[in-house]
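Q: Structure for this input, please:
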Amino acid sequence: MSDRELWVVSVVGGNAVIWLAYNTSQYTSYIFGAFSFSFVFYLMVLLWFFRRRNKTRFFDKPERYANRRITQEEAEGLGHQLQHLFMEQHIYRNPDLKLATVAAELQTPTHLLSQYLNDNLGKNFNDFVNEYRIQAVVETLEDNDHLTLEAIGAECGFRSNSSFYAAFKKFKGLTPAKYRKTLG
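A: Prediction:
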């Protein structure tokens, strides 16, 4: 049973029990108080259970941008512009690159670019940029074996060694040093 169904069954069932107790018992105030307390206690346990499972408390989260979808034409145009900006101009090599900077280069609103990346590509801005950076690192590692890994990371746009190593491991599944060893 989904969380929503469990919640609805609990509320309806609890109200039905309280209504039944109130309408069928001679000692309304005594029974009503006990059932009310039990019902509220049960709801509190459910809320605690949902919170522990990191779910929303009541219902599913609404879908982001549900009423403001990007049209297919807009998405294709934005995709071509982004590809040109990243492949031709190598904007990802800037360690201070921000979503607002890319949006300004493309002359598009920041929220629209973010929506395109999230909905159409299924990734956030940092992952999108780091994919290009890691690809540049791989190409540099294959072409150049006398630069240090830190210098390659800095040249490809990573601000710190820790972010470079974390991104490389995330996208390639191994550290840059191990990857360099596989190149022979």
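Q: Tell me where this protein has helices.
A: Using DSSP state H, the helices of the chain run over 3-24, 28-52, 72-87, 99-106, 110-115, 125-143, 149-155, 161-172, 176-183.
Q: could I get those as TSV with mean neighbour count?
A: In short, each C-beta sits where N, CA and C put it, glycine included. Below are the helices of the chain laid out as TSV (neighbours: other CB atoms under 10 Å):
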stretch	mean neighbour count
helix 3-24	13
helix 28-52	13
helix 72-87	14
helix 99-106	16
helix 110-115	17
helix 125-143	18
helix 149-155	18
helix 161-172	16
helix 176-183	13
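Q: Out of those, name the one with the poorest average pLDDT.
A: Mean pLDDT values for those show the minimum at helix 28-52, a mean of 70.
Q: In this structure V137 contacts G153, no?
A: Yes: the criterion here is CB atoms under 8 Å, and V137 meets it with G153 at 6.5 Å.
Q: if I look at those two, which residues touch both of them?
A: In terms of CB atoms under 8 Å, 6 or more residues apart in numbering, V137 and G153 are both contacted by the residues 164, 168, 176.
Q: Just list the residues touching the second one, thanks.
A: Contact analysis of F168 by CB under 8 Å, 6+ apart lists 134, 137, 153, 174-176, 179.
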